[in-house]
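Asker: When you get a sec, could you give me coordinates for this:
(6 chains, ligands or ions: 3)
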Amino acid sequence: MMKMIIAVIRPEKFEQVEKALTEKGFPAMTVSEVRGRGEQKGIALRSRGGPVTVDLIPKIRIEMAVPATFAETVVQIIREAARTGKIGDGKVFVLPLDMAAKVRTEEVSI
Amino acid sequence: MMKMIIAVIRPEKFEQVEKALTEKGFPAMTVSEVRGRGEQKGIALRSRGGPVTVDLIPKIRIEMAVPATFAETVVQIIREAARTGKIGDGKVFVLPLDMAAKVRTEEVSI
Amino acid sequence: MMKMIIAVIRPEKFEQVEKALTEKGFPAMTVSEVRGRGEQKGIALRSRGGPVTVDLIPKIRIEMAVPATFAETVVQIIREAARTGKIGDGKVFVLPLDMAAKVRTEEVSI
Amino acid sequence: MPIDSGDTAFVLICTAMVMLMTPGVGLFYGGLVRRKNIIAMISLAFIAFSVVSLQWILCGYSFAFGTDIGGFIGGLDYLGLAGVGMDGDGIPDLLFMAFQLVFAGLTLAIVTSGAAERMKVSSFIVFGLLWTTLVYDPLAHWAWGGGWAASLGALDFAGGTVVHISSGFGALALALVIGRRVGFGTYTMEPNNIPLTLIGGALLWFGWFGFNAGSALAANGLAANAFVVTNTSAAAGAIAWLVASWYRGKPSSLGMISGAIAGLVAITPAAGFVDPLSAIAIGAIAGLLCYGAMLFRLRRGLDESLDAWAIHGMGGLWGAIATGIFAVAAVGGVDGLLYGNVHQFLIQVVDACAALVYAFCVTYALAWIVDRTLGLRVSEEEEYVGLDISQHGESTRV
Amino acid sequence: MPIDSGDTAFVLICTAMVMLMTPGVGLFYGGLVRRKNIIAMISLAFIAFSVVSLQWILCGYSFAFGTDIGGFIGGLDYLGLAGVGMDGDGIPDLLFMAFQLVFAGLTLAIVTSGAAERMKVSSFIVFGLLWTTLVYDPLAHWAWGGGWAASLGALDFAGGTVVHISSGFGALALALVIGRRVGFGTYTMEPNNIPLTLIGGALLWFGWFGFNAGSALAANGLAANAFVVTNTSAAAGAIAWLVASWYRGKPSSLGMISGAIAGLVAITPAAGFVDPLSAIAIGAIAGLLCYGAMLFRLRRGLDESLDAWAIHGMGGLWGAIATGIFAVAAVGGVDGLLYGNVHQFLIQVVDACAALVYAFCVTYALAWIVDRTLGLRVSEEEEYVGLDISQHGESTRV
Amino acid sequence: MPIDSGDTAFVLICTAMVMLMTPGVGLFYGGLVRRKNIIAMISLAFIAFSVVSLQWILCGYSFAFGTDIGGFIGGLDYLGLAGVGMDGDGIPDLLFMAFQLVFAGLTLAIVTSGAAERMKVSSFIVFGLLWTTLVYDPLAHWAWGGGWAASLGALDFAGGTVVHISSGFGALALALVIGRRVGFGTYTMEPNNIPLTLIGGALLWFGWFGFNAGSALAANGLAANAFVVTNTSAAAGAIAWLVASWYRGKPSSLGMISGAIAGLVAITPAAGFVDPLSAIAIGAIAGLLCYGAMLFRLRRGLDESLDAWAIHGMGGLWGAIATGIFAVAAVGGVDGLLYGNVHQFLIQVVDACAALVYAFCVTYALAWIVDRTLGLRVSEEEEYVGLDISQHGESTRV
Ligand SMILES: Nc1ncnc2c1ncn2[C@@H]1O[C@H](COP(=O)(O)OP(=O)(O)O)[C@@H](O)[C@H]1O
Ligand SMILES: Nc1ncnc2c1ncn2[C@@H]1O[C@H](COP(=O)(O)OP(=O)(O)O)[C@@H](O)[C@H]1O
Ligand SMILES: Nc1ncnc2c1ncn2[C@@H]1O[C@H](COP(=O)(O)OP(=O)(O)O)[C@@H](O)[C@H]1O
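Answerer: Ligands and ions are numbered 1, 2, ... in the order given. Okay, the predicted model is just below:
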């Protein structure tokens, strides 16, 4: 059984997260640049005519397929390495995964 | 129980969709720039030597984790705000989600 | 029943994969540019002060919602078209999908 | 007067600098459109320049600078550059021709604003050829080729009417004929690449020194004055628009660079006639006026998408009039309204209005004709897909 | 001496080329910051240039080049360009003024390095006005306006102390007052767009020919020498830094272009005094020295983010001293240490140190005052969101 | 003849403009490669320029312009610029040297096309040094330094053989030795950034005015003629290639800009000898011919990836021959085939073929030697990862 973990973190923390994951033995990942916002409805900045809401802030999105037994561990590694304690630290999602197949070989993990 | 909603919409409609979601109380999202095509196999343009098929058209991809009970609502909000009635309006997908964890705090939603 | 297929392949192979999918009748897809690495922990290059590990290599990520009965077929098409036999060929993932809805019409596939 | 090596050196380099403004316009516009049209937008500038480059040496130069016919247009004396040689008066005749060529090419590139993201390449080439021949060439003749405006005594140092009023109001007419982009007013259409626009703006500011100072056609004090007032007006325009946009929210970088262009446009006809302190006023007013024109355009729902009208049209109009206000004899030998010369002021108004009406009407007619015959506009599907793919078969990313 | 058309042509174009360096600095810096600050970073360069453009013609030129007051600053003779006209000595006075203007604008743009990704636009405008008036103008007066450094015989051909030491050490002082960026040292802050930095670097290298050769104020053999040594030093600096960074790992392109800038900075004061072979030494040493300075800065955790201090400050210091070492009478009429002139060497050291101390201290004081009154820095939330959105309301992508 | 300030001003600025072409080539190429190699591709241009800048003043200039040895190469008179000073004939000797320097640097940058996306930086530096010394320097000597081609009466105004045939056929030879990129012919290898290529193209077009007009070495009528024919040929080439690519599908922007470059290449040797109407023919034929050459290359599966051969090699060949066809005594004092001078035509053919064979063979030999000793090519893994990371340790995005 496998899980797909999707983490959305601060770009500034990516290097640390990546290093932590690699050290703990989870190097495989797919990464993309995204923008996002969380529950606090974006950040409100002051402008002349009252508050302005900033909607979308650059983030890094990490996608990792891992065996279900390690999902919890990986989530914890990411959360610890990505945390600053301030708004915008990000989220980690775990999705069920039916199957992962290598392209190079015929290998398939279910 | 949570769901992961993935919507692929026209870039031009993004602002409207985003506003509609925020107003109805669903501000949290992760957004990326993608390209795509739907069932009509891309758009066929005419060129000198017969029709040319255009494959991939810029789209915006929205990813939102929401409690399962609201999934239906969110899908409807997106569909209404994103609709133009023309080819290329996009798709909305709903995936099961095992867990969503905040990075900043120890909060976890299952 | 539907499945969400996520494939991460070499950019150079994208055209071939796309053509193969279209020919076999699976034109609908959403594509993005990502970076990634697999189990071999990135590629190690030699530099003056010992080996340097290269972390993330540009890839193309394809996302396709297909009826569950075709999932296996699509995975096979992608694997065959994307294969070079060398490290970096990529991965294909299959995720369960609860629902896919068209924006333009009221059509919904479950 | 024999060829002067210093003047020739100066005008040669200025010509190259003005040439660089055309891709500069392309980059400026390219950053402002949506991502799917960036290549097409930049390409239009290159295509405009290439087409005019050939037209100008074949016949355009002759229409503009050939022997005057009725104050309206030049004769056919210089067809194929017959009689335009390496000799000349101060600078070689060929060089004067080339300096004028780069102006003509740039002007057509500015007009592309009015048809951004929706015009067919083939129709643009036809329209462009007609436009440069029937709009630009006569206007150049009026002001610089011995036409009626010159006889009247209208002042246009570097092309306020010829280049900016013509292209700005031309773009407006073209936009009206071709119609709005699909979704204009309901969709958001954000600039895809502001840094690219700033690169384009930098090249424009740089090239404008060649444009205005080079119009002295000699490396002398007048060129130096034109150089200084050009920079001053640009800076004043940039600050004015920046502050105005700040007042309504945030100081946008696009506002700043647009203000700089507005200042550059407005000083263009005046560069050889006003002093640096007047340039502050001309530039600052241009920044505010063009900003207002842009807001007006948006309120009216006009899809002259990249604001050639607001910036070049209205800026050029203000510049032509401002020349009649701020001109001072100590700089260019002519006084303006501020120094009691009402007459010159009126001439400027008449000249600017004539150019405006001519450019708008003829452009409208040409666009209409091309639209009825070849069709100006791409199909709705092509527009949706974007012109990069549908017109050029190219794209910026997978 | 009457106006010479060749010299005037040359300085006119050089002025335009130096103007292009300011957006060049903006692009160079814009590529080095994080993606969320790219527009803001480029804009600061344009804003700096616009503000100084107006200040300079209103009063800055007068403070720098007006009648000397106590060796320290110029008088008010030229306020509003009074008495600065189209005549002149070899080149028009207005042109000399403009050539100096573009230097002043560029210098302030370099200082923005010290406040990258965290300064309020409004405060930058106030700070910038104070800085150019109280730091740049006096330094320009000292070296070129008849101030004490000129009287002493200090050599600064094109602005090693005036432009580079002042901006480099100014940036350092500003960085110290404004404080580090949030997360500096713990987060990674990767350059977002190296090709943009390389474009900026190309424009800088190009413009620098105008900067250094133009400082001959005539198109003559001295200008040619300045041109050649400028290019040579840039090439030597590029290769030196490239090889040094190679030695520590890989030959980085940013190292190469930084080395080129270091070489260009170092040759600036020397360009009219040294020969091409000396330029190889000056450039190569500059490349190594500035690379070392950058490593030192990083080790010390100083967030002078874009290395104006390491490259312009330290490069300018080395250049000023190198002028005292390598100067040879055959080029500029003065010998340096290598040819036995210890005196000149000491003058150079004194001049450079005075400029360094003055620029650092006054910048520190000005930044401190603006910080206590208006606040230099954006809020933490604005910094996190990025200045593109928080200061300008713009962004580079959806 | 004493130094003329106008001519000196002109050549100084032209030299700077030609310098800007080198990063222009880098940007042009950088936009055409895959995203993972963009930084490396741009960097190669800077590295080429830096390396040649030092080689040229140390020995290259002497090999090219020193006292003739057997019609083949120059002597060691000017080693380290000995005897090259601030005086000169019309323009300072140092300036002539610098003007030639920027040509040499540019030429090596063009050659990088042949090894795009697969060459080691270290080997490129060694290869580049050998190439510029053993291929470029002799060819420059033959045409301009008093070598056999000059004695024969071969015409090469601005470097059709010296710059373009040499770099184009050199790139081909290099491509053959280094071998195809992995996946060439089976993978798609799309240009990653067409706007960047268009920026590069704009800088090339701009700089080419300095290249061709500057080759008059004086600001006179001949320079003006060179300027005009240069622009005309570029425009004709752009339109020709655009239309040809249209005929086969869509009018691509890369086709247009490639056609412009082809036109610019072809007019280079002819710029001082032909008139504007001939330039239309030369440019249009160049556009079509180089387009055909590119298609031929693709059909043959040759991975001379960025088409230096098709555009510079074949365009240069056509230009050298076209000079012998279209030259007219009224412009440059020599008639060509069209005016009955078969002799000149034959000289041109001989000269072009000699340059072609020499450049191809010597480049092949040098590349082979470097390959056997140091290895030209990165490892397959490095190629797969991309040269940005593997060679420079840098990347364009996370
Ligand atoms: N419910 C959600 N669905 C999808 N993405 C989310 C959700 N909540 C948060 N995110 C992503 O995580 C990022 C950080 O979330 P959070 O820490 O709440 O951010 P912020 O403090 O910026 O609101 C967001 O920018 C967004 O990309
Ligand atoms: N089955 C699918 N799987 C993944 N993405 C899809 C699928 N169908 C549609 N899409 C995405 O939704 C977008 C819009 O779909 P649709 O409205 O059918 O578009 P179009 O009309 O352009 O074909 C596509 O561009 C693609 O990105
Ligand atoms: N477990 C995984 N989770 C997410 N993405 C993965 C995983 N394994 C591989 N990938 C993606 O697939 C790409 C190719 O994988 P693989 O063939 O193993 O690559 P490589 O040989 O470059 O390591 C990676 O670059 C990464 O983007």
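Asker: Counting by contacts, list what the top helix by length along chain D packs against.
Answerer: Among all segments of chain D classified by DSSP state H, the helix with the greatest residue count is helix D:342-373. Here helix D:342-373 is seen to pack against helix D:121-131, helix D:137-144, helix D:148-152, helix D:166-178, helix D:314-326 when contacts are counted using 3 or more C-beta pairs under 8 Å, 6 or more residues apart in numbering or on different chains; DSSP states H and E. To be clear about C-beta, it is placed using only N, CA and C from the backbone, and glycine gets the same treatment.
Asker: quick one: buried residues of it?
Answerer: D:344-345, D:347-348, D:351-352, D:354-356, D:358-360, D:362-364, D:366-367, D:370-371 (16 or more other C-beta atoms under 10 Å in any protein chain shown).
Asker: before we move on, the earlier item: how about TSV for the helices and strands packed on helix D:342-373, with distance to chain F, mean neighbour count and mean pLDDT added?
Answerer: Listed next are the helices and strands packed on helix D:342-373 as TSV, based on distance: least, C-beta to the nearest C-beta, whole Å; neighbours: other C-beta atoms under 10 Å in any protein chain shown; pLDDT from 0 to 100:
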stretch	distance to chain F	mean neighbour count	mean pLDDT
helix D:121-131	6	21	98
helix D:137-144	17	26	98
helix D:148-152	24	17	96
helix D:166-178	19	28	98
helix D:314-326	24	29	98
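Asker: Minimum distance to chain B: which of those helices has it?
Answerer: helix D:121-131 (11.2 Å; C-beta to the nearest C-beta).
Asker: Can you list phi and psi of residue 25 for me?
Answerer: Looking at chain A here, since you left the chain open. Reported as degrees, to the nearest 10, the phi and psi values for residue A:25 are phi 90, psi 20.
Asker: Could you tell me the per-residue confidence at it?
Answerer: Reading off the confidence values, residue A:25 has pLDDT 91.
Asker: Count the neighbours of it for me.
Answerer: Taking other C-beta atoms under 10 Å in any protein chain shown as the neighbour definition, residue A:25 ends up with a count of 11.
Asker: C-terminal to the helix or strand bottoming out on mean pLDDT in chain A, what's the next element?
Answerer: Counting by mean pLDDT, DSSP states H and E, chain A has its least confident helix or strand at strand A:50-54, which shows a mean of 56. Secondary structure here is assigned by DSSP states H and E; on that basis, the next helix or strand after strand A:50-54 toward the C-terminus is strand A:57-67.
Asker: Going by neighbour count, list what's buried in that next one.
Answerer: Judged by neighbour count (16+ other C-beta under 10 Å), strand A:57-67 contains these buried residues: A:57, A:58, A:59, A:60, A:61, A:62, A:63, A:64, A:65, A:66.
Asker: In this structure the third one contacts residue A:11, no?
Answerer: Looking back up the chat, that one is residue A:59. Yes - with contact defined as C-beta atoms under 8 Å, residue A:59 counts as touching residue A:11 (6.7 Å).
Asker: tell me, what's touching those two both at once?
Answerer: When C-beta atoms under 8 Å, 6 or more residues apart in numbering or on different chains defines a contact, the residues bordering residue A:59 and residue A:11 alike are residue A:33.
Asker: hang on, the earlier thing: looking at the helices and strands packed on helix D:342-373, which is closest to residue A:35?
Answerer: helix D:166-178 (32.2 Å; C-beta to C-beta).
Asker: what sits against residue A:60?
Answerer: If you count contacts by C-beta under 8 Å, 6+ apart, residue A:60 has them with A:8, A:9, A:10, A:11, A:14, A:31, A:32, A:33, A:34, F:398.
Asker: Mind telling me which residue of chain D is nearest ligand 1?
Answerer: residue D:190 (19.3 Å; C-beta to the nearest ligand atom).
Asker: Could you tell me which ranges of chain D sit under the pLDDT cut-off?
Answerer: D:397-398 (pLDDT under 70).
Asker: residue boundaries of the strands in it?
Answerer: Listed in chain order, the strands of chain D (DSSP state E) span D:68-69, D:73-74, D:88-89, D:91-92.
Asker: Output these in JSON lines, with distance to chain C and mean neighbour count appended to each entry.
Answerer: Written out in JSON lines, the entries for the strands of chain D read as follows (distance: least, C-beta to the nearest C-beta, whole Å; neighbours: other C-beta atoms under 10 Å in any protein chain shown):
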{"stretch": "strand D:68-69", "distance to chain C": "58", "mean neighbour count": "16"}
{"stretch": "strand D:73-74", "distance to chain C": "53", "mean neighbour count": "22"}
{"stretch": "strand D:88-89", "distance to chain C": "55", "mean neighbour count": "16"}
{"stretch": "strand D:91-92", "distance to chain C": "52", "mean neighbour count": "26"}
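Asker: angle of the longest helix of chain D against helix D:166-178?
Answerer: Using axes from the mean of the first three to the mean of the last three C-alpha atoms, to 10 degrees, the interaxial angle of helix D:342-373 with respect to helix D:166-178 works out to 30 degrees.
Asker: Please compute how far helix D:342-373 lies from its chain's middle.
Answerer: Going by C-alpha atoms, centre = their mean, to the nearest Å, the spacing between the C-alpha centre of helix D:342-373 and its chain's C-alpha centre is 14 Å.
Asker: Show me where chain A dips below the pLDDT cut-off.
Answerer: Low-confidence segments of chain A (pLDDT under 70): A:40-54.
Asker: Please, where are all the helices along it?
Answerer: So, for chain A - with DSSP H - the helices run A:14-23, A:68-82.
Asker: closest to residue C:19 out of the ones you listed?
Answerer: By C-beta to C-beta (comparing all of these), the closest turns out to be helix A:14-23, at 33.9 Å.
Asker: Please see if that closest one touches chain E.
Answerer: Yes - judged by C-beta under 8 Å from any C-beta of the partner chain, helix A:14-23 and chain E are in contact via A:14, A:15, A:16.
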